[in-house]
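Colleague: quick one, structure for this:
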Amino acid sequence: MTKSLILTLLFAVLLSQPLLAQFNENYREPKDPMKEHTLRKVAQYSKLKRTGFTLLGGGILATTVGVALIAGSDWQKDINGTWYTEDDEAVWGTLGVLYVGIPLIAGGTTLSIIGSVKEKKYLQRLDNLNAYYMNHNGAHGIRLVYNF
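Modeller: Numbering: from 1, shown residues only. Predicted structure coming up:
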């Protein structure tokens with residue numbers, strides 16, 4: 001009985017102490033400046049891509065509203081066969097299409113394509129190669145990981 005009590009107490013004391021050989025709560029993996037740079041670039045180009053798609057959506061909306069205003073105007077044909085209108089809605093529709101819709105579509109398409117291509121490029125860099133020099137508490141080493 002006393003042997004089992006002593007073994008139980010000894011076992012409880014051993015389990016209550018942290019196993020320092022296997023766990024060090026102060027250890028942090030060394031920071032890799034190239035990885036941090038790549039992560040910043042991925043976030044930057046992801047934001048650029050989202051901005052591009054937002055502009056593209058706004059341009060499509062402005063163009064659709066402008067075309068609807070132009071189509072809903074009262075059009076008349078003159079003697080020479082050309083169409084004209086005196087409605088203000090057609091003027092606002094034309095301005096919306098020419099000066100708001102088309103530039104937003106062009107700019108949004110450009111930004112979304114550039115953001116998407118660059119984001120994929122930096123994500124691929126992040127996935128393929130991971131290498132850095134490690135110096136932690138006097139221990140030196142090189143870590144090199146390449147994923148196929």
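
Colleague: isn't Ile105 right up against Gly66?
Modeller: No. Checked against CB atoms under 8 Å, the pair Ile105 and Gly66 is beyond contact range at 11.6 Å. C-betas here are computed from N, CA, C, even on glycine.

Colleague: from the contact counts, what lies against the host helix or strand of Thr64?
Modeller: For Thr64, the host element (DSSP states H and E) is helix 33-71. Judged by 3 or more CB pairs under 8 Å, 6 or more residues apart in numbering; DSSP states H and E, helix 33-71 is in contact with helix 88-95, helix 102-128, strand 129-136.

Colleague: go with 6 Å
Modeller: Helix 33-71 sits against helix 88-95, helix 102-128, with contacts defined as 3 or more CB pairs under 6 Å, 6 or more residues apart in numbering; DSSP states H and E.

Colleague: quick one: mean pLDDT for the very next helix or strand once past that helix?
Modeller: Reading on from helix 33-71 to the C-terminus, the next helix or strand found by DSSP H and E is strand 75-77. Mean pLDDT, computed over strand 75-77, is 79.

Colleague: can you give the contact residues for strand 75-77?
Modeller: Residues outside strand 75-77 that contact it (CB atoms under 6 Å, 6 or more residues apart in numbering) are Trp83, Thr85.
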